[in-house]
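Student: Let's see this in three dimensions:
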Amino acid sequence: MLYPTINELTKGEYNRYELALATAKCARMLTDEYVRQREAAEKTATGNKETDRNIMNMINKEYRDEKAVKNAISRIHRGEYKIVRTEETEPSVSEELETVVEEETQAEEN
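Tutor: Sure, this is the predicted structure:
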């Protein structure tokens, strides 16, 4: 069995699709941070074989040793990242009235 379970991650608030999207976005952020740290470490290296080992030591162990998706799941589970829904806003009453008025105006012109 996988840990943490989907039920523990969603807490009954989100569906699996939302969890998958949030995990993918979080993993992408972690991957971008790994790439940024790797590039910074490579810039400081002089090209010696001895310093190549030190490049890996300059990168945060969490980004270097664990897969991005695994890190994302554990961060969501620990609460470091939150899943935020962006609800589609329903048209307000004033927008609906504007649409009706425009339709009536167009009908009168024809």
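
Student: hey, let's count contacts and neighbours off CA atoms from now on
Tutor: Fine.

Student: Run through the helices of the protein in chain order.
Tutor: For the chain, applying DSSP state H gives helices covering 6-10, 16-44, 49-58, 61-65, 68-78, 93-109.

Student: Out of those, indicate the one that is most buried.
Tutor: Using mean count of other CA atoms under 10 Å, the stretch among the helices of the chain with the largest mean neighbour count is helix 68-78, at a mean of 18.

Student: Give me the below-cutoff pLDDT ranges for this protein.
Tutor: 1-2, 46-53, 88-110 (pLDDT under 70).

Student: Reformat the helices of the chain as CSV; add distance to Arg85.
Tutor: Converted to CSV, the helices of the chain look like this (distance: least, CA to CA, whole Å):
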stretch, distance to Arg85
helix 6-10, 13
helix 16-44, 8
helix 49-58, 36
helix 61-65, 27
helix 68-78, 14
helix 93-109, 23
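
Student: Tell me which of the ones you listed sits nearest to Val84.
Tutor: Nearest to Val84, of all the helices of the chain, is helix 16-44, at 8.5 Å by CA to CA.

Student: packing partners for that closest one?
Tutor: Contact here means 3 or more CA pairs under 8 Å, 6 or more residues apart in numbering; DSSP states H and E; on that basis helix 16-44 packs against helix 6-10, helix 49-58, helix 61-65, helix 68-78.
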